[in-house]
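K.L.:
Pasting a predicted model and its sequence here:
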Amino acid sequence: MKSPWPVLWKADCPCKVPGTHSLVAVNPMMKNIIWTCISLLLSLTALAQEDISISRRNAIVRAIEKVGASVVTINVVGYERTQVADPFFNNFMGLFDFAPGMTRTRKKAVESIGTGFVFDNHGHILTNYHILQNADLISSVTLADGRRLDVELVGTDERTDIAVLRARTDTPLPYALLGDSEDLHIGEWVIAIGNPFGSMITDPQPSVSVGVVSAKQRRVKREVGGGDRLYQDMIQTDAAINPGNSGGPLVNAVGEVIGINTMLFSQSGGYQGIGFAIPGNRAKKVAREIIEFGRRRNPWFGFHGKAVEEMNPYTLRELKIQSQRGVVVTEIVKIAPVYMAGLQLGDVIEEVNGRAVEYPQDIDFINWDLFIGDPVRLTVNRQGTQKEIYFSVTEIHTE
């Protein structure tokens, strides 16, 4: 009887005598199903490979690609000067005390390294002031692609630990975009880019570490910053920040710079999971001031005070001060806007722009974070009566 199945191919049958064949017949519908399954399997395999490729180039990789080319390595040299005996007198075998003319100054070069990044299309570079603080010269500024830049110092602001350089070039440079550091979520991914290895690595390619935002608006004690350094409202991250990373960008997952890597807390001097970055919004404002005026204009409130808890109880009674904490106004400059706005001697300042204050240093910190023309609201206690005083920040003139 003839089979209704058409013959598709012949094949050797492994279960028969060698040389014999078995007819393998396939229905046309079955053929289509087989080829459909094969095609689907191949498509799924290709998609899986594509998914792997896409997952490798995740948001973090793309963010690094956006910012990495703008990062620069900054090498500086400082000279330590010491007095040594003039070699001409060495033959006297130490028999004489060296008089002023018998010594000379020896200079010892001390090299250090930091990081910065180009942040606009004019070649301006943001970095930390403390990288340049003790430097006698900037020996080199190198892009990630190896290009050396001829730079000039535009200006610095020691209190906010920010410095601005400018590359002298007509060639467009890659630059990073500054994002909004207020728009941060605790736990979101961030990337620290910098140069932690110093002279141990000879190529200029920056190093990358990844972590999360551990906390926002951290206020570091004045003693840590040397007394006058404005390390407040800092971004805390567990992304590794080591010496050499200072001045480098802290980047969010969309490739925007939201901070400048500045310091770490460590007992050993190495990374222990607690790094801090200056918020990008402050850095942006300070940089704008430096570029426009060549310096950070010095904001001034126009008064001095003393903490309530540090004052003599007799004086507090004489001034009829009823506040338990705050800053008592002890001096006011009469040409200052705050005096014209109504502040008086003996007023106790309890809040500045909604932030509680206890010591004059608290007011200093708030003052240093403001810019000329910014509005200020003082909440004061005047002999038991609460008052609000409004004025705008002006620049201090030391001439």
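P.N.:
Yep, it's here.

K.L.:
which residues sit in contact with the residue most central in space within the chain?
P.N.:
For the chain, residue 260 is the residue whose C-alpha lies nearest the centre (CA atoms, centre = their mean; 1.2 Å). Contacts for residue 260 (CB atoms under 8 Å, 6 or more residues apart in numbering) come out as 126, 127, 128, 162, 247, 248, 249, 250, 277, 278, 280, 283. Where you see a C-beta, it was placed from the backbone N, CA and C, and this is true even at glycine.

K.L.:
Contacts made by the helix or strand where the first one lies with the rest, please.
P.N.:
Okay, so that is residue 126. Per DSSP states H and E: residue 126 is located in strand 124-127. For strand 124-127, the external contacting residues (CB under 8 Å, 6+ apart) are 72, 74, 114-119, 141, 151, 154, 162-167, 246-247, 260, 283, 287, 291.

K.L.:
pull the CA atoms of that strand into CSV?
P.N.:
C-alpha atoms of strand 124-127 as CSV (Å, rounded to 0.1, in the frame of the first residue of the first chain):
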residue,chain,number,x,y,z
HIS,A,124,37.1,76.1,32.7
ILE,A,125,38.3,73.4,35.1
LEU,A,126,36.8,72.8,38.6
THR,A,127,39.0,71.3,41.3
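
K.L.:
Quick check: neighbours of it in the sheet, parallel or antiparallel?
P.N.:
strand 103-118 (antiparallel), strand 162-167 (antiparallel) (DSSP bridges).

K.L.:
Select, out of these, the one closest to residue 255.
P.N.:
strand 103-118 (12.3 Å; CB to CB).

K.L.:
ok now the closest one, how far from the chain's centre?
P.N.:
Relative to the chain's own centre, strand 103-118 is displaced by 23 Å; criterion: CA atoms, centre = their mean, to the nearest Å.

K.L.:
For residue 214, give me the backbone phi and psi.
P.N.:
When read as degrees, to the nearest 10, the backbone of residue 214 gives phi -80, psi -30.

K.L.:
That one: what's it in contact with?
P.N.:
So, once contact is read as CB under 8 Å, 6+ apart, residue 214 ends up touching 186, 236, 237, 238, 274.

K.L.:
pLDDT on the strand holding residue 126, on average?
P.N.:
Averaged across strand 124-127, pLDDT comes to 97.

K.L.:
After it, which helix or strand is next? Please name it.
P.N.:
Next element after strand 124-127 (DSSP H and E): helix 129-132.

K.L.:
For the very next helix or strand once past that following helix, buried residues please.
P.N.:
Using DSSP H and E, the helix or strand that follows helix 129-132 towards the C-terminus is strand 137-143. Across strand 137-143, burial judged by 16 or more other CB atoms under 10 Å covers 138, 140, 141, 142, 143.

K.L.:
close enough to count as contact, the second one and residue 111?
P.N.:
No - with contacts defined as CB atoms under 8 Å, residue 140 does not count as touching residue 111, sitting 10.3 Å away.
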